[in-house]
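Chemist: this is the structure alone, sequence omitted:
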C-alpha cells in the first residue's frame, strides 16, 4: 500500500513547476469543474461571512450591519474577562478532547472487532443494530438519559447497587456530567463512527492478507502490519479533521442535557453563545465568542495538519 | 480462507461474540423502550419508571391515531423525501467533483481550492447574513432554500478526497493513456471503485437531512406546506411541553394525559422509516463496502 | 496567493454593500396619508407567533380572519414561524430589515422606543383622531390604560391587546387535600389553626404527612413539593411567603425596585428549601428537569398522583384530576404562599402573585409600510377595539357569519359560537364549553391571536356560571391565589426602558440571571453550603456582575411610569 501511495505522487515531478499555462492546457476540464464549486462556496459560505463584522459591533438587529455602533475588540475583551471564561473554555476543551481520545480509538477497535466476525448474518445484524442509536434524534436521546440518570433512574439504581455512587440525581452533580455526556455520545455514535473505518478496512486488499497468512503471520500481526497501515490515510485525515473541531462541541446535546446546577462543568462555548448571544439579545458578543472559537479551531487544524505532515507524512493540504 | 483455530483464537471469538451481543442489546433497548411506551396505556406510562419491555396495560394506538390525525405529518413525509433525494444528488455530485479535484496533486488549483473549502468548515457568518443571501437570491419561502444551500459541504468533500487519495494512481494513468478525459475518469472509472465511500456519505446525508428542521424553520416561515417532517415533529414535541405554558387555553389542552404518549409516538413515526429502510439500503451499502472484500 | 486573498476581500466588500443595501436611519414620518380606495383589495402582512393548526394550515384560513378579510376588503397574510423558532424568526426579521406590515412584538427584546428611533416602527399618535377613534375612546376612558399605552413624549407605538383586569388567575400553587385527610383520618389540624395551610409551620406539618403517604404507596418517583428547575418561582408565588418579591419586583414600599435572589429574606427561603430538600420533601430531580421532553415532571407526577404541592392550573382543581377507574381520587386545592412567621413575615410582605396586566401583547406597524395601505390597516385595527370586534375576536363567529364559513359548516357549528338571550345576556355554544372534553381546539374558531380588547361581555358568574366553564372551585382559587395582592409586581407596561436603560440592562441581565440560576439549585441541593460566608460571596459576585445596573435601569423606568 505504502508503495502504491508513493507511485501516485510521481506525476507531481513530471509536471513542470510553475508552468501554469501547461497545467491549464492539460487539465482544462478540471479548471472548468472548479468554477461551479468555487461559486457555490463563495455564495453560500463566504458572502455571509460579512456577518463576522458583528463581532466588532454592538449589533442591534434593527440598525443592521452598517447602522450598529463599532466597538472594536470590546466584545472579545468582555468575553476574556467574563467570570466564567476559563470554566467555559475548559469544559469545551475537556468534553471534546475526551470524545476524541476515547471515541476515536474505540470506533477503530470496534471496526476491527466487527471485521473479525465470520458468521455473515451475525455480522450484518450487529452492524445494523450498532447504527440504530444514531437514528435516534438528539432530543430523544437526551430525554432518555435524563430519565435514566434521575434519582430513581435505571442507571442510578445500577450504580448505587454497585456501591459506586450515593443515591442522587446524577445530572444534578457537576462531577458526573463529563462521564454521562461521553458515554451517551459513544452509545449513539460508536457504530456509526466506525462505518468509515469498516469501509476502509474492507478496502484493504485481501491478497495482502492471504500472502501474509501464507507467510505465517497470525491474526494480530496481520491486523497490526496490514490492516492498520492500510487504513492509516483514512485515520489520519479523520484525526486531523477532528482536531480541527476540537473546540466545537455538539450544541443540541448539551443544551438538552444540562441544567443550571451543573453549568460549572457542562456549559460550553456553543451553549454560552446561544444563551447570552441569542436569548440575551447580545448578538455582537455572541458573534465574538463564536469567532474566537473558530480561530482556535483553525489554529488547531493547522497545527495538527503540520504535525501529521511531519510525523505521519500525510496531510490534508 | 480458512482460519486455524488456536485456543487463544477460540477465547477471542467467544469474547468478541459475547461483546457484540451485549453491545447490540444495549443499542436496541432504549429504542425498544420508546416503541413499547408508544403502545402503552398513557396513565400507567406516567406512573412507570424504568425500562418498558412490553406495552403497559392493553396495547393502545390512541397516540398514533392522534398524531396521524394531524395532516401535516403526511405533507411532511412527502417534503422530507423530496429534500433527501434532491440534496443527496447534489451532494454526491459535488463531493465527487470536489474530492477528485482536491486529490489531484498535479492539478495546480488543488491546494488553494482545499484551503478555500476548508475555511468554510471553520468560519460561518451566522444566521442573519445567511438569511440575507438566500433572500437576495429569491429563494426565501421556496424549496430551493432547503435543497441548494445546505447540500454540498466541506466535510463530505474532504472524505471523498481521502478516498481518492487511497486509489492507486495507475487507474487514472492508464485511462489517460487510453485517451479518457477527466470526467470520464472520474465518473466511469474511479467512482465505481469508491462505491463504499459514496454509500457512506449518502447515508450521512440522508440521516442529516431527515432530522434537519433548522433550515426550514429559518427559510420557510410563510410556507408550512413545504416543511419537512422533522419540523412538524419538533412542533408537536414542543407543543406538548407543558413547562412552556403560555396561556390558560394552551395549558389545559396540552396537559391531558395523551400528551406524554404522543411524544413517544412522534418519535417512532419519525424514526421508524429510517430504521426500516436501512437494512435494505444496507444490502447495497455492504455490497459496496465489500468490493475490496474480506474474503478470508 | 496574497493577490488572490486581496481580490477575494475586494469582492466580499462589494457583495456586502450590495446585499445589505442602505440601512434606513432616523425617525419615519409618513406625513399626510393618501385617500383610501376601499374598492381595492390590499394585502397586509402580519408577523404572528404560531397557532394550533389542527383545522387549517395557516392563520390566513382562520374563520375570523376570513371575516375580517371580507369586511375590510383585505388579504391578511401571516408570517408564522415554527413553534420553538419564534424568537429566532422575529430577530431575523428585524436583523434583515424584512419587516411585515403589522408585527406582534411578543418576542421583541428591544424597547419600542429604540425601535422607533431606529426607524423600524411608526408612531401612531398622529393618526389617533382620524383613524383610531374607538381605540382612543377606550384608552381615554381608563387612567391605567392611558399610562400603559403612551410613552413620556406622548408617542403611541403599539396597538396592544387590552386585558380585562378582573379576569380570573389561570394558575397558582395547589396541594392535594385528600392526602392530608387520608393520613389524619379526616382530622387535619394545621398549627396555625386555619382551615387551609397558611404558614411555613403549616407546611412543616403537611409535608411529612405527604411523604409518609407516598412512601406507603410504593411508587418509584414521588414529590411532596415540585420546585421549578431554577429553585424558585420566577413569578414569586412560593418565596413570597418569606417576604421575597417576584424576580424583579418592588420592595414593600411599592416604590423601590428589588431583585428577589439578592434580598436578605431570600437567604431564609433558601435555608428552608435546603432543609426540605434534605428531608426529602422537595422533588429530588427538580434541577435536571429543564428541557426534558419525556419526563414532564408536572404531568407525569401530578396526573400520576405522585405529587403533593405544585404550580397548578385552574383545570386541575377539585376532583378534575381524579381517575376513579385507577383508584385515584384527588382533591386538589389552591394554596397561598406559606408565611414565614418565625422570621416575622406578615401578609403585607408577602404581596405578590401572577399579575394580570392591563395590556398584553404589543402590536406595532412597521415604518416600511406602504402609506397607501396604512389607512385601511388602522381602520381594521381600530375595529378590534369595538364591542362588535371584541365579540368576533374573543367569541368567534355569530350565526350569520357562521352560515358562510366552511370550517364552521364542516364542524356543524352553524349556530355560531355565541348569541344573546332575551335578557341580553351572552350565551356560549355548548361545543365551546365542552371543547376540552370533545378535544376541540377552541382557539381555532376565534380570533384570540389577534384580538384588540379582551371580551368584556364575560358572563356574569357565578350567577350565570352554568353557561361558562367556571365554577366555585375556580372562584375560590382566584381568591386564594390573589390573597396577598399584587403590590410588589411591576406591570409590564412600566418596564418600557429607554434605549440607554435597556442597553445597560441587557448587558448584565443574562450574566446575573445565569449566575443566580447556577447557585440557587446548588444551595438547595447542598452542593454549595449555605452559610453566612458563601451567602456573602454570592452577593458580592452579584454586585461584581453589575446587579446595580439592572436595578437602576428598571428603577428609572418605573419612576417615569409613576410620574406619568
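Modeler: Nice, thanks for sending it over. Just so you know, these numbers come straight off a predicted model, no measurement behind them.
Chemist: can you pull out the strands in the stretch 301-450 of chain C?
Modeler: Using DSSP state E, counting those that start in this stretch, the strands found in the stretch 301-450 of chain C span residues C:307-313, C:332-334, C:363-365, C:418-420, C:426-428.
Chemist: lowest average confidence across those, which one?
Modeler: Lowest mean pLDDT of the strands of the stretch 301-450 of chain C: strand C:426-428, a mean of 79.
Chemist: mind listing the strands that strand pairs with, and their directions?
Modeler: Looking at strand C:426-428 with DSSP bridges, its partner strands are strand C:418-420 (antiparallel).
Chemist: in the partner strand, what's buried?
Modeler: By neighbour count on 16 or more other CB atoms under 10 Å in any protein chain shown, the buried set for strand C:418-420 is residue C:418. In this view, the C-beta of every residue, glycine as well, is placed from N, C-alpha and C.
Chemist: surely residue C:158 is in a helix?
Modeler: No. Membership of residue C:158 in a helix is not supported by DSSP: H, G, I helix; E, B strand; the rest coil, which gives coil.
Chemist: hang on, it packs against residue C:115?
Modeler: No. Using CB atoms under 8 Å, residue C:158 is not in contact with residue C:115, being 10.1 Å away.
Chemist: how about the helices of the stretch 51-200 of chain A, start to end?
Modeler: In the stretch 51-200 of chain A, the helices defined using DSSP state H, counting those that start in this stretch lie at A:64-67, A:74-80, A:85-98, A:104-115, A:120-135, A:138-148, A:154-161, A:177-193, A:195-203.
Chemist: what about whichever residue of the stretch 151-296 of chain B sits closest to chain A, distance to residue C:286?
Modeler: Among all residues of the stretch 151-296 of chain B, residue B:169 sits closest to chain A, at 3.5 Å; criterion: CB to the nearest CB. Counting by CB to CB, to the nearest Å, the separation of residue B:169 from residue C:286 is 63 Å.
Chemist: the two: who's more crowded?
Modeler: The neighbour comparison of residue B:169 against residue C:286 (other CB atoms under 10 Å in any protein chain shown) goes to residue C:286, with 26 against 18.
Chemist: for the more buried one, grab phi and psi.
Modeler: For residue C:286, the backbone dihedrals (degrees, to the nearest 10) come out as phi -60, psi -40.
Chemist: and stretch C:94-108 with chain A, contact?
Modeler: Yes. Interface with chain A: stretch C:94-108 contributes C:94, C:95, C:97 (CB under 8 Å from any CB of the partner chain).
Chemist: quick one, strands of the stretch 51-200 of chain C?
Modeler: Along the stretch 51-200 of chain C, the segments classed as strands by DSSP E, counting those that start in this stretch run C:74-79, C:102-104, C:171-176.
Chemist: now mean pLDDT, distance to residue C:392 and mean neighbour count too, for the ones you listed, in JSON lines please.
Modeler: Shown next, in JSON lines, are these (pLDDT from 0 to 100; distance: least, CB to CB, whole Å; neighbours: other CB atoms under 10 Å in any protein chain shown):
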{"stretch": "strand C:74-79", "mean pLDDT": "92", "distance to residue C:392": "14", "mean neighbour count": "20"}
{"stretch": "strand C:102-104", "mean pLDDT": "94", "distance to residue C:392": "17", "mean neighbour count": "24"}
{"stretch": "strand C:171-176", "mean pLDDT": "89", "distance to residue C:392": "27", "mean neighbour count": "24"}
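Chemist: so which of those strands is nearest residue A:21?
Modeler: Closest to residue A:21 of those is strand C:74-79 (CB to CB; 54.0 Å).
Chemist: run through the neighbouring helices and strands of the closest one.
Modeler: Contacts defined by 3 or more CB pairs under 8 Å, 6 or more residues apart in numbering or on different chains; DSSP states H and E place strand C:74-79 against strand C:42-47, helix C:63-72.
Chemist: got the angle for that strand vs strand C:42-47?
Modeler: Between strand C:74-79 and strand C:42-47, the angle comes out at 30 degrees (axes from the mean of the first three to the mean of the last three CA atoms, to 10 degrees).
Chemist: can you list the strands that strand C:74-79 pairs with?
Modeler: Note on strand C:74-79: by DSSP bridges, its sheet partners are strand C:42-47 (parallel).
Chemist: pLDDT (mean, whole number) over the partner strand?
Modeler: Confidence over strand C:42-47 (mean pLDDT, whole number) is 94.
Chemist: what sits up against that strand?
Modeler: Residues outside strand C:42-47 that contact it (CB atoms under 8 Å, 6 or more residues apart in numbering or on different chains): C:59, C:73-80, C:90, C:93, C:99-104, C:372-373, C:376-377, C:380, C:450.
Chemist: for stretch A:148-164, same thing?
Modeler: Outside stretch A:148-164, the residues that touch it by CB under 8 Å, 6+ apart are A:147, A:165-171, A:176, A:180, B:49-51, C:220-221, C:284-285, C:288, C:295.
Chemist: and that stretch, how far apart are its ends?
Modeler: Terminal residues of stretch A:148-164 lie 16 Å apart, using CA to CA, to the nearest Å.
Chemist: go on, stretch C:256-268?
Modeler: 21 Å.
Chemist: out of the strands of the stretch 51-200 of chain C, which is closest to residue C:198?
Modeler: Nearest to residue C:198, of all the strands of the stretch 51-200 of chain C, is strand C:171-176, at 11.8 Å by CB to CB.
Chemist: which strands border that closest one, and is each parallel or antiparallel?
Modeler: Counting by DSSP bridges, strand C:171-176 is paired with strand C:307-313 (antiparallel), strand C:332-334 (antiparallel).
Chemist: mind putting these into a markdown table with distance to residue B:270?
Modeler: A markdown table is the format used below for these (distance: least, CB to CB, whole Å):
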| stretch | distance to residue B:270 |
| --- | --- |
| strand C:307-313 | 29 |
| strand C:332-334 | 35 |
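Chemist: cool, thanks, talk later.
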